[in-house]
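*Asks:* fold the following.
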Amino acid sequence: MTREIVVGAAQLGPISRDDTRAEVVERLLTLLRRGAEHGCELVVFPELALTTFFPRWFLDEGDEAGIAGDTTELDSYYETAMPNPVVQPLFDEAKRLKVGFHLGYAELTDPNDPQGDGTQHRYNTAILVDREGEIVGRYRKVHIPGHENHEPWRNFQHLERRYFEESPEGFDVHEAFGGVFGMAICNDRRWPETYRVMGLQGVEMVLIGYNTPLNYAPDPSQNPLQAFHNHLVMQAGAYQNGTWVVGVAKGGIEEGVESLAQTAIIAPSGQVVAQATTIGDELVTARCDLDMCERYKKTLFDFDRYRRPETYSLITNLNPTPGAT
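*Replies:* Here you go, the predicted structure:
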């Protein structure tokens with residue numbers, strides 16, 4: 001008997017700067033219910049799914065070394081608890097429908113949390129929620145792209161490195177939905193280590209939300225390749241680690257910025273088995289056989305048999321010598 005899960009990749013269209021959380025949650029509920037109608041057990045939402053992509057603006061007017069100015073608007077884009085009263089209906093509906101979900105959002109931690117370190121942190125975060133509406137996994141983005149300081153020469157900013165910290169937690173996996181699941185966020189999908197660390201833990205499905213503008217200011221020659229690169233890295237990660245990959249976009253033209261859609265569900269073979277055809281709110285579904293992973297993990301990519309970690313020391317050496325031979 002195979003282990004199958006019907007997954008819905010819930011792409012979102014643009015979210016405006018003045019859209020309320022409640023309005024966005026209604027859109028998520030619509031997609032969750034659509035997923036239930038299609039037999040989905042898990043619905044995957046994008047990165048920063050509750051708000052507009054606010055790192056495109058210089059918001060805090062503080063000193064260039066960090067956030068020190070007026071953070072009123074900036075703070076309004078973060079969640080201080082999850083769930084919270086505005087998002088609770090999504091959890092309640094998931095429990096009623098018996099459909100789990102993955103959700104990306106901006107997280108502002110509580111410095112008084114007894115499980116914390118006494119400091120307030122800003123993370124780009126995703127959670128995995130099971131079919132009973134319970135959080136079973138959390139991930140904080142590791143590879144933070146963009147820049148830290150105001151760069152007014154750009155058509156729009158990409159201030160993720162100003163507004164989010166790099167997570168020290170790394171890439172965990174979680175037993176859920178009858179399989180082994182992992183999470184990553186946007187820029188993480190470009191790095192082979194993202195998939196490999198989870199692959200070494202037996203991951204069978206990696207859930208990735210992203211916001212990817214089609215204009216890359218530091219090197220515009222890459223602009224026409226955004227769609228190609230997007231699928232290239234996820235297909236390679238899936239194939240080389242024998243895992244399903246679900247990549248979900250927030251696409252369309254949001255606050256004047258055109259972003260890539262191309263939401264896709266990718267098999268352990270590296271093949272795209274389902275893909276969005278619009279740049280707006282759209283649900284893409286696929287029936288995913290988790291046992292398919294074993295056909296790659298135990299043959300061509302049998303880690304125990306074929307890997308040579310003793311020859312990869314340069315990867316794990318934190319202070320490699322540039323150009324050393």
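*Asks:* R189 and I208 touch, don't they?
*Replies:* Yes: the criterion here is CB atoms under 8 Å, and R189 meets it with I208 at 5.0 Å. For every residue, glycine as well, the C-beta is placed using N, CA and C.
*Asks:* where do the strands of the stretch 201-325 of the chain begin and end?
*Replies:* 205-210, 244-249, 252-254, 257-259, 264-266, 272-275, 282-289 (DSSP state E, counting those that start in this stretch).
*Asks:* reformat those as a markdown table; add mean pLDDT, distance to W57 and mean neighbour count.
*Replies:* Output for the strands of the stretch 201-325 of the chain, formatted as a markdown table (pLDDT from 0 to 100; distance: least, CB to CB, whole Å; neighbours: other CB atoms under 10 Å):
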| stretch | mean pLDDT | distance to W57 | mean neighbour count |
| --- | --- | --- | --- |
| strand 205-210 | 98 | 19 | 28 |
| strand 244-249 | 98 | 20 | 28 |
| strand 252-254 | 97 | 12 | 17 |
| strand 257-259 | 97 | 10 | 18 |
| strand 264-266 | 98 | 29 | 26 |
| strand 272-275 | 98 | 31 | 17 |
| strand 282-289 | 98 | 27 | 20 |
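*Asks:* how far away is T316 from F156?
*Replies:* According to CB to CB, to the nearest Å, T316 and F156 sit 37 Å apart.
*Asks:* neighbour count winner among these two?
*Replies:* F156 (16 against 9; other CB atoms under 10 Å).
*Asks:* hmm, that one is touching V257, no?
*Replies:* Yes: F156 is within contact range of V257, at 5.3 Å (criterion: CB under 8 Å).
*Asks:* which residues do the two both contact?
*Replies:* R56, P213, N215 (CB atoms under 8 Å, 6 or more residues apart in numbering).
*Asks:* of these, which one scores lowest on pLDDT?
*Replies:* Ranked by pLDDT, the shared contacts of F156 and V257 bottom out at N215 (93).
*Asks:* residues contacting that one?
*Replies:* Taking CB under 8 Å, 6+ apart as the test, what N215 contacts is N155, F156, N223, V257, E258.
*Asks:* run a quick neighbour tally on the first one.
*Replies:* Neighbours of N155 under the rule other CB under 10 Å: 10.
*Asks:* thinking it is in contact with P220, fair?
*Replies:* No: look at N155 against P220 with CB under 8 Å: they stay out of range, at 10.4 Å.
*Asks:* for E151, which non-adjacent residue is spatially closest?
*Replies:* Q157 (6.3 Å; CB to CB, 6 or more residues apart in numbering).
*Asks:* test my guess that the one you found contacts E148.
*Replies:* No: counting by CB under 8 Å, Q157 stays clear of E148, with 10.6 Å between them.
*Asks:* so which of these two has more stuff around it?
*Replies:* Between Q157 and E148, counted using other CB under 10 Å, Q157 has the larger neighbour count: 20 against 14.
*Asks:* and that one, which of the three is it?
*Replies:* Secondary structure, DSSP: H, G, I helix; E, B strand; the rest coil: Q157 is coil.
*Asks:* list the contacts for it?
*Replies:* P55, R56, W57, F58, G146, H147, H150, E151.
*Asks:* endpoints of stretch 8-28, how far apart?
*Replies:* 12 Å (CA to CA, to the nearest Å).
*Asks:* for that stretch, which positions count as buried?
*Replies:* 8-15, 21, 24-25, 27-28 (16 or more other CB atoms under 10 Å).
*Asks:* nearest to E175, of the residues you listed?
*Replies:* G8 (20.6 Å; CB to CB).
*Asks:* beta partners of that closest one?
*Replies:* Counting by DSSP bridges, G8 is bridged to V43, T285.
*Asks:* enumerate every residue touching it.
*Replies:* L31, R34, G35, H38, C40, L42, V43, V44, L283, V284, T285.
*Asks:* now with 10 Å, please.
*Replies:* By CB atoms under 10 Å, 6 or more residues apart in numbering, the contact set of G8 is 31-32, 34-45, 99, 101, 246, 248, 265, 274, 283-286.
*Asks:* cool, G202 as well?
*Replies:* V173, E175, G179, V180, G182, N241, G242, T243, C293, E294, K297, F303.
*Asks:* what does P152 give?
*Replies:* Going by CB under 10 Å, 6+ apart, the list of residues near P152 reads F58.
*Asks:* tell me if I am right that it is in a strand.
*Replies:* No: assessed with three-state DSSP, P152 is coil; it does not lie in a strand.
*Asks:* coming back round to it: got CSV for the contacts of G202, with distance to V136 too?
*Replies:* Listed next are the contacts of G202 as CSV, based on distance: CB to CB, whole Å:
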residue, distance to V136
V173, 11
E175, 8
G179, 12
V180, 12
G182, 12
N241, 21
G242, 22
T243, 18
C293, 20
E294, 23
K297, 23
F303, 25
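*Asks:* what about the helices in the stretch 1-150 of the chain?
*Replies:* Along the stretch 1-150 of the chain, counting by DSSP state H, counting those that start in this stretch, helices occupy 21-37, 72-76, 88-97.
*Asks:* by contact count, what packs against the lowest-mean-pLDDT helix or strand in the chain?
*Replies:* Sorting the helices and strands of the chain by mean pLDDT, DSSP states H and E puts helix 313-316 at the bottom, at a mean of 86. Packed against helix 313-316 by the contact rule (3 or more CB pairs under 10 Å, 6 or more residues apart in numbering; DSSP states H and E) you find helix 192-199.
*Asks:* thank you, goodbye.
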